[in-house]
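Participant: model the following, please.
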Amino acid sequence: MASRSTTAGTIGVPAATAIGVGGMMGAGLYTLLGFAAETAGVWLFGSFLVGGLVSVFSVYSYAKLGARYPSRGGAAEFLIRCFGDGVVSGGLNVFQFLGWIIAMALYAAGFAGYLMHLFGLHDERAGKAIGVGLVLALMALNFIGSKVVGRSELFVVGIELVIILVFVIIAATKAEPSNFTDQAGGRGLLGVLIGAGVLYVTYEGFGVVTNSAGDMADPKRELPRAMYSALAIVLVIHTTVSVMVVLVMKLKDIDANAGHVLAAAGQAVLGTVGLVAISTAALLATASAVNATLYGNANLAYTVAKSGEMPADFARGIWRSGTWGLVAAGGLTCLFVIFFPLAAVGQMASLAFLIVYGSVSLGHLRVRRETGANAWMLITSVALNAGLFLVLLVHSIRSGSPSTWLTLLAVLAASFAFEYVYRRKTGRHLRISKASLDAESRVHST
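Facilitator: Predicted structure coming up:
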């Protein structure tokens with residue numbers, strides 16, 4: 001029997017579930033709720049349910065891959081496992097790195113929107129400055145010490161959950177069921193599907209659970225339980241909050257406060273106290289999301305560089321004076337904050353993760369005999385991700401904002417172009433990390 005890692009068994013199902021809830025709960029809910037309501041109308045909760053359903057199949061794929069190939073690399077290593085050493089896996093991993101940057105721009109823009117609403121500011125340039133300032137401040141925090149980055153995450157999630165719970169309880173006493181009879185602003189089933197596409201990024205955090213598989217005593221059993229539990233908890237929270245928002249606000253008011261609708265709902269329920277409480281939770285959630293994603297994306301650059309897909313200077317980690325991954329992630333995030341509004345980066349982020357998760361399931365079909373995955377579950381995952389992607393893409397094209405979808409497709413093309421040129425120029429090849437191989441060996445030995 002191979003020797004077990006000293007970290008094996010340090011993370012159990014409750015801890016991994018908490019990681020998943022923390023990864024999914026927060027920023028997306030605060031920033032995109034109002035924009036999804038523009039198409040879903042009073043059936044906003046249906047958009048969350050559809051997004052959750054699509055996520056179930058992606059979770060299935062990730063759980064099977066994580067149990068078979070336990071590592072801290074997550075999707076970065078899954079793509080190499082699934083597609084092998086080639087431009088496909090390399091390009092998708094570069095695109096994944098850029099997708100997280102777009103997500104960070106969403107969170108930073110959301111932070112700016114809530115702060116401006118709280119203080120009654122309306123200058124768009126001030127909002128851009130606030131978003132960029134947040135990213136730069138958190139970059140500085142990461143430079144000072146990476147140990148500080150993760151310590152506040154559980155605390156922030158706890159505060160959020162308490163505030164949201166209080167909001168739901170009080171909102172239930174002031175609910176107006178007649179609000180559901182107002183169908184104005186909705187587009188039926190198509191509107192619900194478009195809303196689901198917009199909100200898909202609110203579920204993207206489930207992938208972080210797979211990064212803990214290498215520290216589980218029995219990832220084959222524990223990882224799926226943790227991932228499904230986290231998704232179920234977040235799905236209940238998201239749908240409940242969306243129902244309460246519709247019950248305490250008219251659609252016209254939701255549309256008017258799209259970028260900060262939860263703060264407006266809090267004000268409708270509890271006046272100034274509600275406004276301040278929800279705004280505080282939103283600011284904590286969005287800042288925390290930028291902080292955690294900035295750190296994680298810098299280390300994704302580290303993982304991807306170690307596998308041969310990015311310049312070697314990215315492979316030194318923040319804690320070892322390798323700052324290029326952090327600088328690149330922060331700098332590119334600032335550019336997206338400056339040049340794109342909140343709704344645009346929200347759509348781009350969801351489109352990006354629909355591509356990544358669909359691609360993982362597609363590649364998973366090639367190794368399903370190793371993972372024991374059901375082919376039809378994977379095919380369904382690919383089909384649902386592709387379908388939701390097309391619905392959101394067509395909506396983006398028809399909404400008259402070509403910069404959104406053109407930029408996203410340009411980022412996708414640039415990712416593969418970079419990988420192709422870099423591979424040809426350097427001759428580097430992709431490789432699985434030693435930590436992943438050790439963890440995999442431990443799974444087989446138990």
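Participant: where does the prediction get shaky in the stretch 51-200 of the chain?
Facilitator: Applying pLDDT under 70 to the stretch 51-200 of the chain flags residues 72-73, 142-154, 182-187.
Participant: can you give me the helices in it?
Facilitator: Ranges of helices in the stretch 51-200 of the chain, per DSSP state H, counting those that start in this stretch, are 75-83, 87-118, 124-144, 147-151, 153-173, 188-199.
Participant: what sits up against the last one?
Facilitator: Right, helix 188-199. Residues from elsewhere that reach helix 188-199 (CB atoms under 8 Å, 6 or more residues apart in numbering): 28, 32-33, 35-37, 39-41, 43-44, 46-48, 50-51, 54, 186-187, 238, 346-347, 350-351, 354, 388-389, 391-392, 395. In this view, the C-beta of every residue, glycine as well, is placed from N, C-alpha and C.
Participant: restrict the residues you listed to the buried ones and give me that as a PyMOL selection.
Facilitator: Per 16 or more other CB atoms under 10 Å, the buried members of the contacts of helix 188-199 correspond to this PyMOL selection:
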select buried, resi 28+32+33+35+36+37+39+40+41+43+44+46+47+48+50+51+54+186+187+238+346+347+350+351+354+388+389+391+392+395
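Participant: for residue 279, which of the helices of the stretch 51-200 of the chain is the nearest?
Facilitator: helix 87-118 (4.4 Å; CB to CB).
Participant: other SSEs contacting that closest one?
Facilitator: In terms of contacts (3 or more CB pairs under 8 Å, 6 or more residues apart in numbering; DSSP states H and E), helix 87-118 is packed against helix 27-40, helix 75-83, helix 124-144, helix 261-306, helix 324-339, helix 342-371, helix 402-426.
Participant: and residue 218, backbone torsions?
Facilitator: phi -140, psi 80 (degrees, to the nearest 10).
Participant: next, find the distance separating it from residue 75.
Facilitator: As judged by CB to CB, to the nearest Å, residue 218 and residue 75 stand 22 Å apart.
Participant: what does residue 132 give?
Facilitator: On the measure of CB to CB, residue 132 and residue 75 end up 28 Å apart.
Participant: okay, those two: which has more neighbours?
Facilitator: Neighbour count, other CB atoms under 10 Å: between residue 132 and residue 75, residue 75 has more, with 24 against 19.
Participant: so that one makes contact with residue 208?
Facilitator: No - at 9.8 Å, residue 75 does not count as touching residue 208 under the criterion of CB atoms under 8 Å.
Participant: pretty sure residue 239 sits against residue 47.
Facilitator: No - taking CB under 8 Å as the contact criterion, residue 239 and residue 47 are not neighbours in contact, 9.4 Å apart.
Participant: before we move on, the earlier item: so which of the helices and strands packed on helix 87-118 gets nearest residue 109?
Facilitator: Of the helices and strands packed on helix 87-118, nearest to residue 109 by CB to CB is helix 342-371, at 4.3 Å.
Participant: can you give the distance of the following helix or strand past the closest one from its chain's centre?
Facilitator: Next helix or strand after helix 342-371 toward the C-terminus (DSSP states H and E): helix 375-398. When distances are taken as CA atoms, centre = their mean, to the nearest Å, helix 375-398 is centred 17 Å away from the chain's centroid.
Participant: for helix 375-398, which positions count as buried?
Facilitator: 377-378, 380-382, 384-386, 388-389, 391-393, 395-396.
Participant: neighbouring contacts of that helix?
Facilitator: The contact list for helix 375-398 (CB under 8 Å, 6+ apart) reads 39, 50-51, 53-54, 57-58, 60-61, 190, 193-194, 196-198, 200, 347, 350-351, 354-355, 357-358, 361-362, 364-365, 368, 404-405.
Participant: Produce a ChimeraX select command limited to the buried residues of those residues.
Facilitator: The following ChimeraX line selects those of these that are buried, judged by 16+ other CB under 10 Å:
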select :39,50,51,54,57,58,60,61,193,194,196,197,198,200,347,350,351,354,355,357,358,361,362,364,365,368,404,405
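Participant: residue nearest the centroid of the protein?
Facilitator: Centroid-nearest residue in the chain, with CA atoms, centre = their mean: residue 204, separated by 3.3 Å.
Participant: which ones are touching the closest residue to residue 200 other than its chain neighbours?
Facilitator: The shortest distance from residue 200 to any non-neighbouring residue, by CB to CB, 6 or more residues apart in numbering, is to residue 350 (4.2 Å). Contact analysis of residue 350 by CB under 8 Å, 6+ apart lists 197-201, 392.
Participant: can you list those residues in a markdown table and add distance to residue 113?
Facilitator: Listed next are those as a markdown table, based on distance: CB to CB, whole Å:
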| residue | distance to residue 113 |
| --- | --- |
| 197 | 21 |
| 198 | 16 |
| 199 | 17 |
| 200 | 20 |
| 201 | 16 |
| 392 | 21 |
